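This is a predicted model, with the sequence first.
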Amino acid sequence: MGEHGGVIITYEGTSRVARAAGLALHYHEAGPAEPDAPVLVMLHGGGPGATAWSAFGAALPVFAARFRTLLVDQPGFGRSDKPELDKDFFSFSADAVAALLAELGVGKAHFAGASLGGGTCVRMALDHPGKVDRLLLTAPAGLALNLFTAEPTEGVKRLVEFGLAPEPTRAHLRAFLTSLVHDPALVTDELVEERYARATDSEARLGAQRVGAAMAKWPQGAMLWREAHRVDRPTLLTWGREDRVNPVDGAFVALKAMPDARLHVFPRCGHLAYAEKAAEYQRLAVDFLTAAAT
């Protein structure tokens with residue numbers, strides 16, 4: 001919950017559902033009164049109990065002051081449909097988001113994505129370049145190629161342990177959440193309870209299974225780094241120096257290959273830079289997204 005222009009922004013007050021690409025897609029919307037405000041689409045990461053609101057709800061008042069901001073539950077997550085995928089996840093999700101924008105009458109938007117959502121943003125720029133203005137990517141999955149870090153990383157191991165457990169426990173979830181942050185004090189009992197309730201919901205588990213199945217069936221779809229040279233949109237890569245899911249050395253191939261990329265690294269920060277370094281992340285984001293084209 002937050003405040004924007006004297007109006008309290010809440011989960012329910014911003015909640016919307018639209019049909020696009022044959023799916024019911026849930027999203028949150030808030031923004032300036034001006035009808036021509038630039039659009040910002042924000043796509044969350046993966047993991048147990050992940051939703052658009054859990055990732056970016058706290059930041060919505062800041063971004064809604066300048067942008068028509070859409071926080072989208074990707075297919076398989078939150079209150080969006082959880083279909084069986086007929087292609088790799090990034091392509092499927094990007095096509096769904098593109099259809100959602102068409103349904104909402106949005107021609108072009110900035111895209112901000114974290115982890116799994118960052119991969120979808122990259123695929124948007126590759127498959128729907130006319131819809132993408134600028135990219136703000138936080139430790140994007142698929143684009144990261146670890147040069148010095150052994151795989152699987154600690155965070156991926158903890159994610160797999162939760163997913164494969166016949167009855168995942170709060171301890172499994174706490175271990176995963178702790179791997180996401182630099183400061184373990186951020187993983188409170190309240191956070192664990194909240195995420196555990198969502199993650200163990202039958203619909204959420206079905207979505208996770210179907211997303212995981214698509215990742216396993218089309219592994220080449222996750223190798224976005226092979227196409228990084230084709231992403232020509234102005235891009236700000238943001239990374240936590242202590243990221244234990246997609247370590248910061250994974251940024252360097254994309255930084256070298258993408259024609260218009262720059263990198264900001266947050267010290268004393270893990271995988272969730274947008275949360276752990278919220279104020280600095282938001283300042284950087286607004287400056288970058290509002291900068292005049294050069």
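Arrived safely.

where exactly do the helices run in the stretch 151-294 of the chain?
Applying DSSP state H, counting those that start in this stretch to the stretch 151-294 of the chain gives helices spanning 154-164, 170-180, 189-199, 202-217, 252-257, 273-276, 278-290.

Output the contacting helices and strands for the shortest one.
Think helix 273-276. On a contact count with 3 or more CB pairs under 8 Å, 6 or more residues apart in numbering; DSSP states H and E, helix 273-276 meets helix 52-56, strand 235-240. Bear in mind the C-beta positions are built from the backbone N, C-alpha and C, glycine included.

Kindly reformat the ones you listed as CSV containing mean pLDDT and distance to residue 219.
Formatted as CSV, these follow (pLDDT from 0 to 100; distance: least, CB to CB, whole Å):
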stretch, mean pLDDT, distance to residue 219
helix 52-56, 98, 25
strand 235-240, 98, 23
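
nearest to residue 70, of those?
helix 52-56 (8.6 Å; CB to CB).

Packing partners of the closest one?
Taking 3+ CB pairs under 8 Å, 6+ apart as the contact cut, helix 52-56 packs with strand 23-30, strand 39-43, strand 68-72, helix 273-276.

if we can go back for a sec, which of the helices of the stretch 151-294 of the chain is buried the deepest?
Of the helices of the stretch 151-294 of the chain, the one with the most neighbours on average (mean count of other CB atoms under 10 Å) is helix 273-276, at a mean of 23.

picking that back up, quick one: the helices and strands packed on helix 273-276 as a markdown table, columns for mean neighbour count and distance to residue 158 too.
Below are those laid out as a markdown table (neighbours: other CB atoms under 10 Å; distance: least, CB to CB, whole Å):
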| stretch | mean neighbour count | distance to residue 158 |
| --- | --- | --- |
| helix 52-56 | 23 | 17 |
| strand 235-240 | 26 | 16 |
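
who wins for proximity to residue 124 among those?
strand 235-240 (12.0 Å).

State the number of residues packed around residue 103.
Residues near residue 103, counting by other CB atoms under 10 Å, number 13.

Likewise for residue 223?
By other CB under 10 Å, neighbour count at residue 223 equals 12.

hang on, the earlier thing: want to throw the helices and strands packed on helix 273-276 into a markdown table with distance to residue 286?
Listed next are these as a markdown table, based on distance: least, CB to CB, whole Å:
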| stretch | distance to residue 286 |
| --- | --- |
| helix 52-56 | 14 |
| strand 235-240 | 11 |
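
quick one: low-confidence parts of the chain?
Residue ranges of the chain with pLDDT under 70: 1, 3-7, 293-294.

ok, now with 90
1-8, 292-294 (pLDDT under 90).

Of the helices and strands packed on helix 273-276, give the one that comes closest to residue 212.
Among the helices and strands packed on helix 273-276, the nearest to residue 212 by CB to CB is helix 52-56 (19.0 Å).

Need the contact partners of the next helix or strand after that closest one.
As assigned by DSSP states H and E, the chain's next helix or strand after helix 52-56 is helix 60-64. For helix 60-64, contacts defined as CB atoms under 8 Å, 6 or more residues apart in numbering pick out 2-4, 9, 14, 28, 30-32, 40, 42, 56, 69, 71, 282, 285-286.

Need the buried ones from these selected in PyMOL.
Remark: buried members of the contacts of helix 60-64, expressed as a PyMOL selection using 16 or more other CB atoms under 10 Å:
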select buried, resi 4+9+14+28+30+31+32+40+42+56+69+71+282+285+286
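
hmm, back to that, so which of the helices of the stretch 151-294 of the chain comes closest to residue 136?
Going by CB to CB, the one of those nearest residue 136 is helix 278-290, 5.5 Å.
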